[in-house]
Structure formats: C-alpha cells, structure tokens
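>>> Take a look and give me a structure for this.
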Amino acid sequence: MDLRRLSLLPEPLKKVFLEGIDPLADGLIKAGLSPNRITTLSVLVIIASGAAYALGALHLGGALLLSSGIFDLLDGKVARRANLASKFGAFYDSSMDRLGEGALFTGIAIFYMTSTIKDWGQHKPVLALGLCFACLTGSFLVSYTRARAEGLGYSASVGMATRAERIVFLGVPTLFFGSGPGGYLLLGILAFLTLISWITVVQRIAFVYHASQAELNEPPVPRTTVAGPIADPVGKGI
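Down below sits the predicted model:
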C-alpha cells in the first residue's frame with residue numbers, strides 16, 4: 001500500500017456523489033449563477049455554520065457545514081460545464097475556502113470557551129482551543145502544500161484529509177449528535193481531524209520529495225548538434 005496516496009473517502013464513492021450533483025450544477029447554470037457567486041454563497045454559508053457552532057446550535061452548524069461543502073463543489077462544476085473557468089475564479093475559491101475554515105474553527109473554539117456543559121472542568125476548554133488551532137493550522141498547510149507543489153510543477157492532490165473529508169467527518173456527526181455526551185464527541189472529532197490533517201501534510205511533503213528526487217535521477221537529455229563545416233576562426237584553413 002502506498003501511504004502517500006491513502007485516502008479516507010473511497011474514490012468510487014466520491015465519483016458517484018460528484019455525478020449525482022450534476023443536475024444541480026446544470027440548474028445553477030440555467031439560473032445564470034456564475035461560479036464566483038456560488039463561491040460567495042458557499043463562504044457565507046460556512047461562516048453561518050461557524051456562528052451556529054459558536055452559539056451552541058451544533059445540529060444546525062453541521063447542516064450548514066455540509067451545505068457549504070456542496071456549494072463548494074458546485075462552483076467548480078459550473079465553471080467547467082459552462083466553460084467559465086478562470087485563474088481569478090480558482091484564486092478566489094481557494095482564498096474563500098481558507099476564510100471559511102477560519103470562521104468554522106473559530107466558532108467551535110468559542111463554543112468550548114463559553115460552554116456551560118456540566119462537569120466540563122477548567123482545563124478541557126483549553127484543550128479544545130488548542131485542538132481547534134492545531135486543526136486549523138493543519139488544514140491551512142494541507143492547502144498550502146498542494147498550492148506550493150503545483151507552483152513547482154507537481155500535482156500534489158494526494159492525502160487522506162482533503163477538504164471534503166474534513167467537512168464530512170465534522171459535519172455528519174454534529175448534524176445528528178451535536179457535541180455528544182459531555183462535549184466529548186466533538187472533542188474527539190477535532191483530535192481525529194487534527195491527526196489526519198497533519199498526516200496529509202506529511203503525505204504531500206513525501207510525494208513532492210519523491211517526485212523531485214525522481215527528476216534528479218533522470219538521465220540528462222543529450223544535446224543535439226547540427227552537422228556543418230568546422231569553423232576557422234583565424235581564416236587560414238584547417
């Protein structure tokens with residue numbers, strides 16, 4: 001097994017889901033919504049999700065988080081299917097994703113810092129805050145390592161915790177179970193997301209390292225010369 005390419009969500013499942021939202025993308029195209037407007041809607045929804053988490057409405061926060069993930073997929077689909085892809089659109093989408101994740105984990109941190117959960121204790125909110133920062137840093141690095149690799153000519157889309165995994169593994173449990181008994185479910189999810197995010201960073205670093213080493217080991221391309229008369233720089237003939 002190549003651990004550099006290990007992913008938590010099976011590719012066939014991703015493919016089925018992406019094909020399933022094609023009609024939604026077509027409907028948005030017919031409605032005249034541009035990819036950038038869909039991106040804006042996606043980030044507004046995830047900011048609302050962060051606010052819901054902060055206010056303790058975790059079921060609503062999970063639902064909004066999953067909805068924002070669908071919109072985040074749809075902006076790219078609309079861009080490709082309507083031939084509206086642009087460099088600015090890709091830049092805007094990536095930038096808004098980072099804004100959304102910042103708002104999301106800030107909301108979760110606020111929830112724990114202001115929580116009135118019984119028997120929560122004074123140290124556990126600090127632990128939760130630390131996990132929020134660690135998870136947020138990991139998610140930013142997951143994005144950065146891919147972007148930096150692509151800037152160097154490598155397609156480092158490998159890893160077990162892409163943005164889709166983070167949204168699914170956080171959104172689904174909180175949608176149905178909230179923070180769980182005593183808030184420990186959400187705390188466990190944060191720890192899990194932190195772990196897989198940092199593993200993904202290592203996976204992408206390893207991928208770029210192996211790809212760059214392979215380039216170094218490639219035999220040099222021989223220079224071609226054009227046959228012709230030998231030059232006589234002093235004009236005396238040789």
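>>> ok, which stretches of this protein are helices?
Taking DSSP state H to define them, one finds helices in the chain at 11-20, 22-30, 35-54, 58-81, 87-113, 124-151, 163-177, 184-217.
>>> From the contact counts, what lies against the helix or strand of the chain with the lowest mean pLDDT?
Using mean pLDDT, DSSP states H and E, the weakest-scoring helix or strand in the chain turns out to be helix 11-20, at a mean of 79. The helices and strands touching helix 11-20, judged by 3 or more Cβ pairs under 8 Å, 6 or more residues apart in numbering; DSSP states H and E, number zero. All C-beta spots, glycine's among them, are computed from the backbone N, C-alpha and C.
>>> what's it in contact with?
Applying Cβ atoms under 8 Å, 6 or more residues apart in numbering, the external contacts of helix 11-20 come out as 73, 77, 164.
>>> again, only this time at 7 Å
With contacts defined as Cβ atoms under 7 Å, 6 or more residues apart in numbering, helix 11-20 is touched by Leu73.
>>> Retrieve the pLDDT associated with Ala161.
pLDDT for Ala161: 81.
>>> again, but for Gly69
Gly69 is given a pLDDT of 93.
>>> And for it, nearest residue in space, chain neighbours not counted?
The shortest distance from Gly69 to any non-neighbouring residue, by Cβ to Cβ, 6 or more residues apart in numbering, is to Ile167 (4.0 Å).
>>> got the contact list for the residue nearest the centre of the chain?
Centroid check for the chain by Cα atoms, centre = their mean gives Arg163 as the closest residue, at 3.2 Å. The contact partners of Arg163, taken as Cβ under 7 Å, 6+ apart, are Asp97.
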